[in-house]
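Undergrad: Everything below, folded, please.
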Amino acid sequence: MNIFATFEARVREALQALSRSGHLPEGLDLSRVVVEPPRDPSHGDLATNAALVLAKEAKANPKALGEALAAELRADPRIVEASVAGPGFINLRLAPGIFQDVLRSALSDREGYGRAAMAGGPVNIEYVSANPTGPMHVGHGRGAVFGDALANLLVFAGRDVTREYYINDAGAQVDVLARSAHLRYREALGESVGPVPEGLYPGDYLVPVGQALARTHGADLLDRPEAEWLPVVREAAIGAMMDLIRGDLARLGIHHDVFFSEATLKDAVAELLAELREKGLVYEGRLPPPKGQPPEDWEDREQTLFRTVEFGDDVDRPLLKSDGSYTYFASDIAYHRDKWRRGATDLIDVLGADHGGYVKRMQAAVKAVSGGEASLDVKLCQLVRLLRAGEPVKMSKRAGEFITLAEVVDEVGRDAIRFMMLYRKNDATLDFDLAKVVEQSKDNPVFYVQYAHARCASVFRQAREAMPDEDFSSAALLRDSDLSLLGDPGEIEIMRLIAQYPRVVEAAAAAHEPHRVAFYLYDLASSLHGFWNKGKDLPQLRFVNLTDRNSTRARLALVEALRGVLASGLAVLGVTAPNEMR
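TA: Numbers count the residues shown, from 1 in each chain. Model (predicted):
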């Protein structure tokens, strides 16, 4: 039950009635009309911007239009008050029975409460895609958690989602990986290799790869020229690194549906270039120098260029390097075309903040190669600063240069990482303090939300002990309780927040912003903890009251609905919902 969708439809009906009566012109654009929670809950339960956004098109005074719309809405028995505020906002106060219906819906639908049925074709989310040259670090973890939570959110909102990892196994970095692994192979055979030469990967994580090569090949690769051993070692090293990465992701509960190899794209890029030439989207030309001081590697030469400006980019982009090889951009276009050809119409790339210059060109490319049938949204994840009690954490014994994601998971746990990575918008820098994320306090959001779920479970344990003759596991008992007894402001606040959950899911899914769910859960947890504390001072407000079984049943219905929403939202974020906290 989504009361915001229900009353948005009611507002539209009222506007159509005003059009039929001549108060408004016919055919107004209602797409910007929304119903949302008022900024100040004391103003009412819902608010609509209808009069504000329609006044100009209707050539009407927004406040006068608001009064006419409010009068129309007052005829609805579900609306006990409709008042115009400021320049034309309409605040609505609903009959108490509406929120009682919300609770019953949450109790009946259980895990399904809040689910949506959003329109749209198949979605492909590409996330992580870390180079297969070593273990994942905390920065990779942020993109991994964000992408996985976004996938969960879109599935919960009714979309068909494919989770994809792009393996960068065709660039120079994998040759460096192979040479680094070959050094460890020589070391495994007893050779003294000394310090790892500059330019190779120094981390100890390649030691097992060298040992495995030695077991498989013995000394056979030692005397071969690099041209012969490099492909063998490269394949083994990439395989080992991808196993390592999959293991790191599994620690966070992250699994992909597709692992796509860049190395398989060679023929697809050639085919793409031929197709673009045939469509007249490629030409030979010169690019103007970049604004400001041109970089040292900028070349004033004729190049093979893709007409990305026609599709919204700032400048046309080269597809071939001076040596005749394909640019990274050419490979990226072929890859995204492949996603579209596999059926995805909504493409989402989750990338690091250093890819900001990539966005416009790839959106233009996707529009061009799909004929406008597919769209691309690029979500950039900012840096993570790893701290311990406020001090930077820098070094790792295993990786040599950075703290690995696995080390952080081992120290603070999966739930703390996932929730805290999502408790800040993806495009804002995140300070991740290893000491603070394990604190048991209100200042630690993941503890505060999980503790709320555990408190709900403890309420039911207390109720069963106090009233063993009552079957509080019965959804029907709770659903059929007298919910009109829930009249305290704290109870009403909880009901209002539970009612917002379907709207939060839809809005977060539409904006591709899972952090909205994390913020909402914190607010919901705060409402429970606040009401719990009131019960300490006012016994009549306690959840379990032996002298008033009717109130106890109603409050347990409220607690169970709240618990269900907490569990649902935490599941979207990929965080557990414990029944007890240690």
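Undergrad: Skip the chain neighbours and tell me the closest residue to Glu271.
TA: Distances taken as CB to CB, 6 or more residues apart in numbering place Ala334 nearest to Glu271, at 7.7 Å, with adjacent residues excluded. Placement of C-beta: from N, CA and C, glycine included.
Undergrad: Provide the secondary structure category for the one you found.
TA: Here Ala334 is recorded as helix under DSSP: H, G, I helix; E, B strand; the rest coil.
Undergrad: doesn't Ala274 make contact with it?
TA: No: with contact defined as CB atoms under 8 Å, Ala334 and Ala274 do not form a contacting pair (11.4 Å).
Undergrad: follow-up on the earlier one: the residue nearest to Glu271 - how many residues pack around it?
TA: 23 (other CB atoms under 10 Å).
Undergrad: cool, and Glu198?
TA: 6.
Undergrad: Quick check: which element contains it?
TA: When elements are assigned from DSSP states H and E, Glu198 belongs to no helix and no strand.
Undergrad: Gly139 now?
TA: helix 138-156.
Undergrad: Buried residues in that helix, which are they?
TA: In terms of neighbour count (16 or more other CB atoms under 10 Å), helix 138-156 has its buried residues at 138-156.
Undergrad: go on, stretch 76-88?
TA: Asp76, Ile79, Ala82, Val84, Gly88.
Undergrad: Span of that stretch from start to end?
TA: 20 Å (CA to CA, to the nearest Å).
Undergrad: and which of the buried residues of stretch 76-88 is nearest Cys456?
TA: Cys456 lies nearest to Ile79 out of the buried residues of stretch 76-88, by CB to CB, at 31.4 Å.
Undergrad: bridging residues for the closest one?
TA: Note on Ile79: beta-bridge partners Leu94, judged by DSSP bridges.
Undergrad: isn't it right next to Asn91, touching?
TA: No: with contact defined as CB under 8 Å, Ile79 does not count as touching Asn91 (10.5 Å).
Undergrad: All the strands of the stretch 151-300 of the chain, in order from the start?
TA: With DSSP state E, counting those that start in this stretch applied, the stretch 151-300 of the chain shows strands at 161-167, 258-261, 282-285, listed in chain order.
Undergrad: Throw those strands into CSV and include distance to Asp443, mean neighbour count and mean pLDDT, thanks.
TA: Below are the strands of the stretch 151-300 of the chain laid out as CSV (distance: least, CB to CB, whole Å; neighbours: other CB atoms under 10 Å; pLDDT from 0 to 100):
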stretch, distance to Asp443, mean neighbour count, mean pLDDT
strand 161-167, 33, 21, 97
strand 258-261, 39, 15, 96
strand 282-285, 56, 14, 92
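Undergrad: Please identify which of those strands is closest to Glu310.
TA: strand 282-285 (11.2 Å).
Undergrad: got a list of contacts for that closest one?
TA: Leu273, Leu276, Glu302, Gln303, Thr304, Leu305, Phe306, Arg307, Asp316, Leu319 (CB atoms under 8 Å, 6 or more residues apart in numbering).
Undergrad: Of the residues you listed, which belong to strands?
TA: If you go by DSSP state E, those have Gln303, Thr304, Leu305, Phe306 in strands.
Undergrad: Take those residues and lay them out in a markdown table including neighbour count, distance to Asn168 and pLDDT.
TA: Formatted as a markdown table, these follow (neighbours: other CB atoms under 10 Å; distance: CB to CB, whole Å; pLDDT from 0 to 100):
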| residue | neighbour count | distance to Asn168 | pLDDT |
| --- | --- | --- | --- |
| Gln303 | 19 | 24 | 87 |
| Thr304 | 20 | 23 | 92 |
| Leu305 | 20 | 24 | 92 |
| Phe306 | 27 | 21 | 93 |
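Undergrad: any idea which of the residues you listed is the one closest to His256?
TA: Phe306 (29.1 Å).
Undergrad: Just list the residues touching the closest one, thanks.
TA: Leu276, Leu281, Val282, Asp316, Arg317, Pro318, Leu319, Phe329, Ile333, Ala365, Ala368.
Undergrad: ranking those by neighbours, who comes first?
TA: Top of the contacts of Phe306 by neighbour count (other CB under 10 Å): Ile333, with 29 neighbours.
Undergrad: That residue: what's its closest spatial neighbour, skipping adjacent residues?
TA: Ala365 (4.5 Å).
Undergrad: who touches the one helix or strand that neighbour maps to?
TA: Per DSSP H and E, Ala365 falls inside helix 359-369. By CB under 8 Å, 6+ apart, the surrounding residues in contact with helix 359-369 are 272, 275-276, 281, 306-314, 317, 329, 332-333, 336-337, 340, 347, 349, 374-376, 378, 380.
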